[in-house]
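**Q** Coordinates for the following, if possible.
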Amino acid sequence: MWFPRRSCEIDTVAMESTSNYWVSVYDLLEDAGIEVYLVNARYVKGVPGRKTDVCDAQWLQQLHSYGFLKKSFRPEKEVRALRYLMRHRRGCIESSSKELLLMQKVLTEMNLHLHHVFSDIDGKSSLLIIEAILQGERDPEKLIALRMPNCLSPRQKMLDALQGSYRDEHIFVLKQSYERWQQCKNNVTQCDELLAKLITKIQSEPSSHNRSGKINKCRIQKNDINAPIDQEAFRIYGVDLGSVDGISNGLLAMLLSELGSRKTILERFKNEHHLASWLGLCPDNRISGGKILRAKTRKVKSRLAGAFRLSANACSRSHSKLGDYCRRMRAKLGKAEGITATAHKLVRIIYRMILEQQPYDEQRAFKISARTKKNRLRSLTHQAEQLGYTLCRVVV
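**A** Numbering: from 1, shown residues only. Got it, this is the predicted structure:
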């Protein structure tokens with residue numbers, strides 16, 4: 001195979017990330033030992049007269065020779081394989097959810113309102129009833145007998161929900177949707193088996209901390225990976241991230257697949273502020289002439305940022321300080337902005353835990369800074385003056 005470095009003595013290459021056409025070229029150059037700068041086209045698109053591919057390539061080469069280009073983050077090969085399968089697994093789950101919605105639509109047209117008596121259409125009781133219907137059972141009494149013992153719906157309500165019309169075309173579509181849903185679930189199971197093997201290949205750094213201690217097990221959700229993600233994250237990062245409120249196995253798996261090991265995170269992101277900026281979870285202040293033009297967050301398509309926002313939304317129901325922070329930010333900024341602010345706080349907490357290899361300390365994470373104390377004192381002084389009082393400090 002021909003490698004550019006052998007013939008032209010090339011050390012670095014800058015290339016634009018256009019769709020997914022750059023992936024094979026990137027891998028080829030990387031295997032040849034060439035340092036590749038994957039450039040975001042948004043950073044250089046404002047140059048006039050560079051609208052063709054040839055002129056654009058020449059402009060990138062010129063900027064790269066001056067050292068003006070920054071490379072985009074791209075993890076190691078092992079993590080890339082994990083990330084690729086994680087994204088494929090998410091597509092399989094989305095496909096299975098579409099089939100569930102189609103099954104529910106067909107059942108509604110058959111006047112079978114299972115979604116009124118069962119919380120999930122893919123629960124054990126619902127699936128047993130659907131399988132029995134596909135096998136030819138039509139008696140509501142026999143269908144009710146298939147429900148699980150812990151079902152809380154009243155018997156009469158279930159009888160009313162199973163008084164349906166079983167037309168051949170509806171049964172045909174229901175059967176095909178059920179088979180496609182089973183195929184998607186089988187694909188997810190196969191992905192989980194391979195993902196469990198790939199996660200074990202991620203190397204952890206040698207540490208003086210004991211990584212075999214007891215950790216807080218995260219609550220397993222319905223679509224989580226069938227693997228000990230919390231234990232693997234503890235092995236790789238050297239700290240129990242699951243002890244933070246809102247951190248689930250799904251977020252830990254997304255963190256491993258999108259960022260990789262502790263060494264990669266600390267090398268590519270100098271501090272927690274850089275990581276939050278890369279995820280698009282911090283304000284993007286645009287000031288010109290002392291005037292604030294824009295202060296909202298950047299529009300970043302990041303799966304990891306979405307996972308942090310979901311975790312932040314779950315924190316809104318917690319009675320911890322993180323939950324209080326989320327509710328306070330939602331009341332102050334609005335629902336969406338408050339969730340983003342809480343996700344930003346989660347990113348900063350997790351980065352500091354990974355960096356310092358220290359367990360989660362709620363008091364330290366929400367310690368009042370000197371700036372906050374000064375602002376609160378100024379606010380209290382202003383409120384006291386409005387009420388006709390004078391605020392003074394009493395030393396006991």
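**Q** For residue 15, grab phi and psi.
**A** Dihedral pair for residue 15: phi -140, psi 150, per degrees, to the nearest 10.
**Q** Number of residues surrounding the nearest residue in space to it that is not next to it in sequence?
**A** Of all residues not flanking residue 15 in the chain, residue 22 sits nearest, at 5.7 Å (C-beta to C-beta, 6 or more residues apart in numbering). Yep, even glycine has a C-beta here, placed from its N, CA and C like the rest. Look at residue 22: counted by other C-beta atoms under 10 Å, it has 16 neighbours.
**Q** Residue 22 and residue 16: what is the separation?
**A** Distance, residue 22 to residue 16, by C-beta to C-beta, to the nearest Å: 7 Å.
**Q** Can you tell me which residue is spatially central in this protein?
**A** In the chain, the centroid-proximal residue (C-alpha atoms, centre = their mean) is residue 307; its distance is 2.4 Å.
**Q** Regarding it, which helix or strand does it belong to?
**A** Per DSSP states H and E: residue 307 is located in helix 303-315.
**Q** Next, the residues that contact the helix or strand following that helix from outside, please.
**A** For helix 303-315, the succeeding helix or strand toward the C-terminus, using DSSP H and E, is helix 321-333. The contact list for helix 321-333, computed with C-beta atoms under 8 Å, 6 or more residues apart in numbering, reads 244-246, 312, 315-318, 337-339, 341-342, 345-346, 362, 365-366.
**Q** Need the buried ones from the residues you listed selected in ChimeraX.
**A** Buried members of the contacts of helix 321-333, defined by 16 or more other C-beta atoms under 10 Å, are picked up in ChimeraX with:
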select :244,245,246,312,315,316,338,339,341,342,345,346,365
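**Q** Straight-line length of stretch 141-154, end to end?
**A** For stretch 141-154, the first-to-last residue distance is 13 Å (C-alpha to C-alpha, to the nearest Å).
**Q** List the buried residues of it.
**A** Neighbour-count burial for stretch 141-154, with 16+ other C-beta under 10 Å as criterion, is recorded at 143, 144, 146, 147, 151, 153.
**Q** I'd like those laid out as JSON lines, including secondary structure, distance to residue 36 and pLDDT.
**A** Converted to JSON lines, those look like this (DSSP: H, G, I helix; E, B strand; the rest coil; distance: C-beta to C-beta, whole Å; pLDDT from 0 to 100):
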{"residue": "143", "secondary structure": "helix", "distance to residue 36": "60", "pLDDT": "89"}
{"residue": "144", "secondary structure": "helix", "distance to residue 36": "62", "pLDDT": "88"}
{"residue": "146", "secondary structure": "coil", "distance to residue 36": "57", "pLDDT": "89"}
{"residue": "147", "secondary structure": "coil", "distance to residue 36": "57", "pLDDT": "88"}
{"residue": "151", "secondary structure": "coil", "distance to residue 36": "57", "pLDDT": "84"}
{"residue": "153", "secondary structure": "coil", "distance to residue 36": "58", "pLDDT": "85"}
